[in-house]
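> Pasting a predicted model and its sequence here:
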Amino acid sequence: MLVHNEFKNHEDISVLDAQNHIHPWHSMGVDDPNYMVARRANGIFIYDDAGNKFIDGPGGMWSTQIGYGRQEMADAISKQVLNLPFNNPWSSTSKPSALLAAKLSAEAPGDLNNVFFTTGGSTAVDTAIRFAWFYNNVMGRPEKKAIIARHKGYHGSTFLSSSVSGKERDKSFMDLGNGWVHFLSNVNSFLRPDGMDVATWCDQRIEEFELMVLDVGPDRVAIFIAEPVLASGGVIIPPEGYHARCLEICKKYDIIYISDEVVTGFGRLGEFFASKSVFGIEPDIITVAKGITSGYVPLGGVLISDRLMNDIRSEDNKNIMFSNGFTYSAHPVSCAAALKNIEIMEREDLFAHVKEISPYFQKRLQDLRRSKIVGDVRGIGLLGCIEGIVSSEINEQKQLRIDREFGMRIDEKCENKGLIVRPLINMCVLSPPLIIQRDEIDQMFDILESSLDEVAAEML
């Protein structure tokens, strides 16, 4: 048994990690997973325990907008810890949480002026769903509970948020509440049949949505939940006009539209929020997390429209409570970090920087199409995905093994060259810190290009 000082001075962190630490999406295999031990980070770079330097291609987890090592973030967090490290959100508020709620309301599209703070993206989605169900119960429509979500969508890891996630390869051996969730087929236009244009593909996806509403029953469908860009599903960008037409269907059948902006919010596409500015919609609810604090501390939130709130606000309902919350809801340290994060992004005009540099990022991304092992590349803003196609097997398990092999090899080769990518089976996704510069984009894609060439030589 290790005593305190031995813990503190233990040199092989990997050994302790392998013995005691269960990671997200942890394999039940017996082999040592050998996770990289991250020691420090600065700018867009992470350094391991041997001092090796890596470009953080995924930007943490789609989250590190302002980059690492910001002294003023550390100062803001430290100051808040010393002044007020915690307050009970059931019976009090704090200056950071009130200011942040006001700021989010001011920047949000439409009438989304009501903010509920959570601990992260999963609990934000969970809260949004619970609020929509609560709303219908208060409105006297307890039967209106069904949810329509999308294949390849990802919304989190709580029971509710994972139940509305449509990444089929994440669901093995996990129990989900799919009795009230209905999934639309993949909106990725890369999958459309030969000879079909994108507009026709979009028409079919919209028709499928309305037919599903009619089949389930408009009096039963409560929620449509959609990421503006399906991030973890492989940076899938729905066809032009898709989101606006989905919103029209939601309005027609009185369905609450939840726009999951956990990835697309806070500058990733060059805007504070992407729902209206990029995709032209004013949803009923927006969920946020990740980039709201640039990953420095955990925080999530749900923005709810005045329309929904006003429908259930009345003297008759004064004793009805939305009985949902977390010990760390509106945590003052997290809210202070979010305010400082937003201040930095606005002062440095990072949204304008993203708009300026994104075309070059996307050009380098599209250039990877030349690789014989790349089936598709997709991207928007500072989001990108490379989808590898090594073979097309009839046997699903064999295909999965081949796809995983592709992702593993790309990951290993990139890491050996100084780039972290996030392999999602046969896809590599990119969402670097928003501060990335042109020469750093070149470094990143030069490594990817050479790694793809090497893997193609090995696997084709």
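Nice, thanks for sending it over.
> Show me what counts as buried in stretch 95-115.
96-97, 100-101, 103-104, 108-115 (16 or more other CB atoms under 10 Å). In short, each C-beta sits where N, CA and C put it, glycine included.
> And for stretch 175-195?
W180, V181, H182, F183, L184, N186, V187, N188, S189, R192.
> What ranges does this structure have for its helices?
For the chain, helices defined by DSSP state H occupy the ranges 4-9, 13-20, 59-62, 71-83, 95-107, 121-138, 159-163, 198-216, 242-252, 306-312, 332-347, 350-367, 396-417, 438-459.
> May I see these arranged in JSON lines, with mean pLDDT and distance to A38 as well?
Listed next are these as JSON lines, based on pLDDT from 0 to 100; distance: least, CB to CB, whole Å:
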{"stretch": "helix 4-9", "mean pLDDT": "57", "distance to A38": "18"}
{"stretch": "helix 13-20", "mean pLDDT": "85", "distance to A38": "10"}
{"stretch": "helix 59-62", "mean pLDDT": "96", "distance to A38": "10"}
{"stretch": "helix 71-83", "mean pLDDT": "98", "distance to A38": "17"}
{"stretch": "helix 95-107", "mean pLDDT": "98", "distance to A38": "28"}
{"stretch": "helix 121-138", "mean pLDDT": "98", "distance to A38": "21"}
{"stretch": "helix 159-163", "mean pLDDT": "96", "distance to A38": "26"}
{"stretch": "helix 198-216", "mean pLDDT": "98", "distance to A38": "40"}
{"stretch": "helix 242-252", "mean pLDDT": "98", "distance to A38": "36"}
{"stretch": "helix 306-312", "mean pLDDT": "98", "distance to A38": "41"}
{"stretch": "helix 332-347", "mean pLDDT": "98", "distance to A38": "20"}
{"stretch": "helix 350-367", "mean pLDDT": "98", "distance to A38": "24"}
{"stretch": "helix 396-417", "mean pLDDT": "91", "distance to A38": "12"}
{"stretch": "helix 438-459", "mean pLDDT": "97", "distance to A38": "18"}
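> among those, which is nearest P283?
Closest of the helices of the chain to P283 is helix 242-252, at 7.0 Å (criterion: CB to CB).
> what's the angle from the closest one to helix 198-216?
30 degrees (axes from the mean of the first three to the mean of the last three CA atoms, to 10 degrees).
> so how far is helix 242-252 off the chain centroid?
How far helix 242-252 lies from its chain's middle: 22 Å, per CA atoms, centre = their mean, to the nearest Å.
> Let me know the closest of the buried residues of stretch 175-195 to G325.
Of the buried residues of stretch 175-195, the one sitting nearest to G325 (CB to CB) turns out to be W180, at 23.0 Å.
> Hmm, the closest one is touching I147, no?
Yes. Using CB atoms under 8 Å, W180 is in contact with I147, at 6.1 Å.
> how about I77, what does it touch?
Y296, V297, V333, A336, A337, K340 (CB atoms under 8 Å, 6 or more residues apart in numbering).
> so the fourth one touches A76, yeah?
Yes. In this structure, A336 is within contact of A76 by CB under 8 Å, at 5.4 Å.
> So the two - more neighbours on which side?
Legend: neighbour count by other CB atoms under 10 Å for A336 and A76, higher for A336 (27 against 22).
> Once you drop chain neighbours, what's closest to the residue nearest the centre of the chain?
Nearest to the mean C-alpha position of the chain, by CA atoms, centre = their mean, lies V263 at 3.7 Å. With CB to CB, 6 or more residues apart in numbering as the criterion, V263 has its nearest non-adjacent residue at 4.1 Å, and that residue is A231.
> ok, the one you found - contacts?
Neighbour list for A231: W62, Y154, V263, T264, L383, V429, S431 [criterion: CB under 8 Å, 6+ apart].
> and if you look at P359?
For P359, the contact set (CB under 8 Å, 6+ apart) is empty.
> which ones are touching the residue nearest to N52 when sequence neighbours are not counted?
Leaving out its chain neighbours, the residue that sits closest to N52 by CB to CB, 6+ apart is G418, at 7.3 Å. Taking CB under 8 Å, 6+ apart, we find G418 in contact with N52, K53, F54, I55, Q443, I447.
> Let me have the helices of the chain in JSON lines, adding distance to F45 as columns.
Formatted as JSON lines, the helices of the chain follow (distance: least, CB to CB, whole Å):
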{"stretch": "helix 4-9", "distance to F45": "26"}
{"stretch": "helix 13-20", "distance to F45": "20"}
{"stretch": "helix 59-62", "distance to F45": "12"}
{"stretch": "helix 71-83", "distance to F45": "16"}
{"stretch": "helix 95-107", "distance to F45": "29"}
{"stretch": "helix 121-138", "distance to F45": "25"}
{"stretch": "helix 159-163", "distance to F45": "31"}
{"stretch": "helix 198-216", "distance to F45": "38"}
{"stretch": "helix 242-252", "distance to F45": "35"}
{"stretch": "helix 306-312", "distance to F45": "43"}
{"stretch": "helix 332-347", "distance to F45": "18"}
{"stretch": "helix 350-367", "distance to F45": "17"}
{"stretch": "helix 396-417", "distance to F45": "13"}
{"stretch": "helix 438-459", "distance to F45": "9"}
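> Quick one: closest of those helices to F273.
Closest to F273 of the helices of the chain, according to CB to CB: helix 95-107, at 6.6 Å.
> roughly how far is the closest one from the heart of the chain?
That offset, for helix 95-107, works out to 22 Å (CA atoms, centre = their mean).
> got the contact list for that helix?
For helix 95-107, using CB under 8 Å, 6+ apart, the contacting residues are 80, 89, 112-115, 117, 272-273, 288, 301, 303, 330-333, 335-336, 338-339, 342.
> Stretch 178-195 now?
With CB under 8 Å, 6+ apart as the criterion, stretch 178-195 contacts 145-152, 163-164, 166, 198, 200-202, 205, 208-209, 212, 216, 230, 234, 236, 238-239, 242, 375-376, 378, 387.
> do the same with stretch 420-431
With contact meaning CB under 8 Å, 6+ apart, stretch 420-431 is reached by 46, 54-59, 62, 169, 231-232, 234-235, 263, 268, 365, 379, 382-390, 400, 402-404, 406-408, 410-411, 414-415, 444, 448.
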